[in-house]
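>>> need a 3D model of the following:
(one chain, ligands or ions: 1)
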Amino acid sequence: MLDIWKSNGLATRFRMSNRKVGCWIFAYGSLIWKPEFPYLTKRVATLEGFTRRFWQGSIDHRGMPGAPGRVVTLVKDPNGSCEGLIFGVSDARREEVLNALDVREKGGYERNVYPVTPRGSTGTKVEALVYRAGPSNPNFLGPADIESIARQVSSSCGPSGNNLEYVRNLHESLRDLRIWDPHVTKLAMALETIGVN
Ligand code: SIN
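Here you go, the predicted model:
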């Protein structure tokens, strides 16, 4: 099997690992750098029609009730796209993984299924589960100027740690994956400007 992988390159490797996968989970926020679930394979992938925004309030991970932190969600944008990671989970572990993620993402996120395009897959799409916090969830904060978001991030902390660490980890992970996201970069720069990053 190793020889076939070597000779046919990335696309074949993806197709072969694909066969064992029971479901794909698309990660665009903390699931990128802290998946904390068992997976068979992972790959950079693009979701069309959405952009990543720090518009979701967090009262259970990076903030507290009455003092929410800001975390990412996906906002509908017909001309936009969001690059993240897809994780391939085996059929045998699917139920257990999704049950744990439902608990972790309970602060406003709901499961959706969207087509995503894995990097290097010559355009072939796969269906992926996506946890998205829509605008009608009770913790949704919506848009704000980047300096206000930075100030809120710099002063927020919750059971999973401080909000600044969330932004820093996401920014660094995207850079390592060669994913360019101007909104995340602007926020990291605004945090530097106010002297906390
Ligand atoms: C995700 O990472 O895909 C969901 C949002 C989050 O938990 O930060």
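
>>> of all residues in this structure, which one is nearest the centre?
Tyr28 (1.5 Å; Cα atoms, centre = their mean).

>>> which residue packs closest to it, ignoring adjacent ones?
Spatial nearest neighbour of Tyr28, excluding adjacent residues (Cβ to Cβ, 6 or more residues apart in numbering): Gly84 at 3.7 Å. In short, each C-beta sits where N, CA and C put it, glycine included.

>>> what's the span of stretch 108-127, first residue to last?
Start-to-end span of stretch 108-127 (Cα to Cα, to the nearest Å) is 22 Å.

>>> quick check: residues of the protein near the ligand?
Ala27, Tyr28, Gly29, Ser30, Leu31, Ile32, Val71, Val72, Glu105, Tyr131 (Cβ under 6 Å from any ligand atom).

>>> after the helix or strand containing the residue nearest to Tyr28, which helix or strand is next?
Counting by DSSP states H and E, the element that carries Gly84 is strand 69-90. Using DSSP H and E, the helix or strand that follows strand 69-90 in sequence is helix 91-104.

>>> quick one: mean pLDDT over the following helix or strand past that next one.
Next along the chain after helix 91-104, taking DSSP H and E as the criterion, comes strand 109-118. Averaged across strand 109-118, pLDDT comes to 98.

>>> residues contacting strand 109-118, please?
Residues from elsewhere that reach strand 109-118 (Cβ atoms under 8 Å, 6 or more residues apart in numbering): 14, 24, 26, 43-50, 56, 73, 86, 98, 102, 123-134, 137.

>>> state the distance from Pro115 to the ligand.
16 Å (Cβ to the nearest ligand atom, to the nearest Å).

>>> report all helices and strands that the strand or helix carrying Arg168 contacts.
Per DSSP H and E: Arg168 is located in helix 163-176. Using 3 or more Cβ pairs under 8 Å, 6 or more residues apart in numbering; DSSP states H and E, the elements in contact with helix 163-176 are helix 30-33, strand 69-90, helix 146-154, helix 182-193.
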